[in-house]
Structures are given as structure tokens and as C-alpha cells.
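Q: need coordinates for the below:
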Amino acid sequence: MASPLSSTATLKQKAERFEQLFSNSGVGIFIVDKERLIIEANEAFCKIFGYSTDEILHHSAFELHLSYAAYVNFAEIAFNKVRQNEALNLEYPLNTKTAKLFGFALQAIRFPLMKKFCGRLRISQSVLRPKSV
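A: Residues are numbered from 1 along each chain as shown. As a prediction, the model looks like this:
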């Protein structure tokens, strides 16, 4: 049987590995809470969307959607699937700070104990268009 001290050390190691993966990943990773506020975003996510960490943290994910209708539609598709612990692989257009982003894939998982969702953006054959288009 593992001692409480070794279990604590194992949890700490897992948390450190997750933080390293989150921070050093070449793909954009973000975490939203149940109100869809962005509570964490890695450097790759910020670069993809053209925001600094300070600009994007604690802002609604709505700011990334093309319209309010798209924001609501996305929730119906994506978050309902994730809430049911089903895998999500979705292509969906979003806004960056200066352009519309097309052709990315979003993968998401749920952290039930934390009541948070973690999304991973993988840009695949992305097309950036100025927001005026």
C-alpha cells in the first residue's frame, strides 16, 4: 500500500508534467470554466489568437466566435458532447484578434473534479482572412 507521502509526491509529479506539457506545447491549449471564461491559456494559444495572456484571461470565449449565434451553436455541439464525457473533434471557424481563422481542429476534454474544460487547438491548413471579409 502506498504511503500518503508517496501518493502526494506522485500527484505533485503528475501536476508538474501537466504544467510542462501545457506551457511548452506547440499547440494552443486553453481552459475555460463552466461560464466559458478563459481561465488559462498557453503561449501557443495566445500566439494563434494574437492576444497577450493578460488580454485573454478571464474573458469570455464569446470573443473568439464569429457571432453570438456561432457562440451558442458551438456550445450546443461541443460542450454538450464533452459534458457527456464523449470525445470532441470539431472543425469550427473562430476570430483571432485581427482575423477570422478557418480550418482548425478543436479537441476538448472535461475535468469533472475541477468543473473545467480543456481545449486543444490544432491548426490544420488554416486560412486567415481579415475581419472585414
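
Q: how many neighbours does the residue lying closest to residue 58 once chain neighbours are set aside have?
A: Excluding the flanking residues, the one nearest residue 58 by CB to CB, 6 or more residues apart in numbering is residue 37, at 5.8 Å. Every residue, glycine included, has its C-beta placed from N, CA and C. Neighbourhood size, residue 37 [other CB atoms under 10 Å]: 14.

Q: please name the bridge partners of residue 37.
A: residue 60 (DSSP bridges).

Q: for it, list the residues it contacts.
A: 58-61 (CB atoms under 8 Å, 6 or more residues apart in numbering).

Q: which of these has the most neighbours?
A: residue 61 (21 neighbours).

Q: can I assume that residue is in contact with residue 41?
A: No: using CB atoms under 8 Å, residue 61 is not in contact with residue 41, being 10.6 Å away.

Q: this structure: strands as residue ranges?
A: 28-33, 38-41, 88-91, 94-95, 99-111, 116-130 (DSSP state E).

Q: next one: residue 89 from residue 78, what distance?
A: Remark: distance between residue 89 and residue 78 (CB to CB, to the nearest Å) = 10 Å.

Q: so which of these two has more stuff around it?
A: The neighbour comparison of residue 89 against residue 78 (other CB under 10 Å) goes to residue 78, with 17 against 10.

Q: from memory the more buried one sits against residue 86, does it?
A: No: applying CB under 8 Å as the test, residue 78 and residue 86 come out as separate, 10.3 Å apart.

Q: list the contacts of residue 43.
A: Residues in contact with residue 43 (CB under 8 Å, 6+ apart) are 23, 53.

Q: how far away is residue 9 from residue 21?
A: 19 Å.

Q: scratch that, residue 33
A: Distance from residue 33 to residue 21, by CB to CB: 20 Å.

Q: higher neighbour count, these two?
A: Neighbour count, other CB under 10 Å: between residue 33 and residue 21, residue 33 has more, with 15 against 11.

Q: alright, that wraps it up for me.
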